[in-house]
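Structure here, sequence nowhere to be found:
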């Protein structure tokens, strides 16, 4: 055993708590600010302890929105974000798992060509092709729609590669056994492969949900109607108005509401999250 | 690598790959091709006629001192973000790797910022360090710092780097912790028996064994700094003051938004694509080497 002197151990605890404090401080500040009076904050006199405006701020944020130009309830923005995140996560998993199934379990002309066509998309994030993609989405009349929000973000290969890798590790005996039972490609996929892929799908879902919920640049470009904006876009519009008019308690409440679902997912499904993170980066 | 047991079917495999292929072709290859074609074209001021101009858009970009400055700035940001975030995360991971009571709690309390979206990170930090109402600005001014990131470009850049590094700590921490845990305990014990003190053990044994993880994270962090900082910059500084925080991605966005020069914007996109491909190539090469290692 490597000896760990008492002092070393105390030092480790102290450093870790300092790290946690640094990481948590901006969020603590947001919690405090969301419960205080805007006039006090705007004066630069904000206290570091929670105030008494919790209920009214969150009620206004969720159901009314800011009193300024973009009067859109944050609950509606959260709903848009939720739909977009779910469409991206479920859509990507669905189309990827079946194409990986075809590539691994069938032999057909152009199989490798198709694999490479999909594989190359791994390399380019949506940020580098925003305007041409915008034009195509506009031409297809998909601006301000959930399809327009999610489809371009589904076009990537991470999930396909992951399922391909996983299918390669599934023993061939399983397929032979189910063939003897008279199962065709659909039955084998549904009864054998899908149940085996459950953990992989869950881990992937966690990562894709977080990535989808946190999308910013793309929704910013293609949503023009207030009632279609996601929470990440909505929060930026709240601080666009001149400084003096920014309603900081509402902005901070929105920031907290925006991070609540993905942080909740990370903390509660930590094992799946770590697994998904490590696997998608391979 | 090929499966031995396979299905026979002529049409089914095509039907299975069709949805993904369609989406990839329409929303990936088509726009990427458009960007490349567009980058060779020049449109007149009224958008009435376009002409093929070879590499003129690219040459214009490289002659433009503003673009050159944006390249330098983006790399400087990436380097600063990567180094500060990596070193802080490594310190925390080394501490969390020790057999401490409550180590799972520590991990939970350190990984959640991964889930915070870049624009939200921007909002949190801009509020904390706002020149007139920020809580930390009070202390900075009390210490005699003339703090105003809305006017001072260097301070704005520091703000962006801090916020972006903050978000990336959790990611780096997780991968460092995994890397540390995969180092065989016997190696560290052997060093301890040879009488190496903890600090020496870290620099001569643990750090070299961790170098694959460090290199991997360096590439990931640079890619992150290139692309994912858009939301942070857009909520905090909008590329300003002046152009002090305008990165390459942000420049593509603003140049295209003004709609002035489609050819130039497309050429910028293509240059970005090349940068990503090179970075990804480095990463793949390296990952391959790690496998054979």
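Yep, it's here. Computed from a predicted model, the values in this text were never measured in an experiment. Residues are numbered from 1 along each chain as shown, chains lettered A, B, ... in the order given.

which residues are contacting stretch A:211-225?
Residues outside stretch A:211-225 that contact it (Cβ atoms under 8 Å, 6 or more residues apart in numbering or on different chains): A:81-82, A:84-89, A:126-127, A:130, A:134, A:137-138, A:142-144, A:148-150, A:152-153, A:229-230, A:232-233, A:236, A:261-262, B:115-119, B:230-231, B:234, B:253. Where you see a C-beta, it was placed from the backbone N, CA and C, and this is true even at glycine.

For the longest helix along chain A, what is the distance to the chain centroid?
In chain A, assigned by DSSP state H, the helix with the most residues is helix A:74-105. Distance of helix A:74-105 from the chain centroid (Cα atoms, centre = their mean, to the nearest Å) equals 11 Å.

Now list the buried members of the contacts of stretch A:211-225.
Buried members of these, scored by 16 or more other Cβ atoms under 10 Å in any protein chain shown, are A:81-82, A:84-89, A:126-127, A:130, A:134, A:137, A:142-143, A:148-150, A:152-153, A:229-230, A:232-233, A:236, A:261-262, B:115-119, B:230-231, B:234, B:253.

what's the residue closest to the geometric middle of chain A?
A centroid search over chain A (Cα atoms, centre = their mean) returns residue A:210, at 2.0 Å, as the residue closest to the centre.

tell me the phi and psi of it?
The phi and psi values for residue A:210, taken as degrees, to the nearest 10, are phi -60, psi -50.

what's the nearest residue to it if we skip its chain neighbours?
In space, and not counting its chain neighbours, residue A:210 is closest to residue A:262: 4.5 Å by Cβ to Cβ, 6 or more residues apart in numbering or on different chains.

which residues does the one you found contact?
With Cβ under 8 Å, 6+ apart, residue A:262 has these contacts: A:209-210, A:213-214, B:115-117.

Measure how far the helix or strand of chain A with the lowest mean pLDDT is from the centre of its chain, please.
Using mean pLDDT, DSSP states H and E, the weakest-scoring helix or strand in chain A turns out to be helix A:38-42, at a mean of 74. Centroid displacement of helix A:38-42 relative to its chain, using Cα atoms, centre = their mean, is 32 Å.

now the angle from the helix or strand just after that helix to helix A:74-105?
Downstream of helix A:38-42, the first helix or strand assigned by DSSP states H and E is helix A:54-63. Inter-element angle recorded for helix A:54-63 and helix A:74-105: 60 degrees (by axes from the mean of the first three to the mean of the last three Cα atoms, to 10 degrees).

Which positions in helix A:54-63 come out as buried?
A:57-58, A:60-62.

Surely residue B:166 is in contact with residue B:121?
Yes: between residue B:166 and residue B:121 there is a contact under Cβ atoms under 8 Å: 6.8 Å.

Which positions in the helix or strand in which residue B:30 is found come out as buried?
Using DSSP H and E, residue B:30 sits within helix B:30-38. For helix B:30-38, a neighbour-count test (16+ other Cβ under 10 Å) marks B:30-32, B:34-36, B:38 as buried.

That helix vs chain A: in contact?
Yes: for helix B:30-38 and chain A, the contact criterion (Cβ under 8 Å from any Cβ of the partner chain) is met by B:30-32, B:34-35, B:38.

contacting residues for the closest residue to residue A:94 other than its chain neighbours?
Spatial nearest neighbour of residue A:94, chain neighbours left out: residue B:19 (7.9 Å); criterion: Cβ to Cβ, 6+ apart. By Cβ under 8 Å, 6+ apart, residue B:19 lies in contact with A:94-95, A:98-99.

So residue B:19, which state does it fall into?
Classification of residue B:19 by DSSP: H, G, I helix; E, B strand; the rest coil places it in helix.

Relative to residue B:28, how far out is it?
The spacing between residue B:19 and residue B:28, counted by Cβ to Cβ, to the nearest Å, is 14 Å.

do the same with residue A:60
41 Å.
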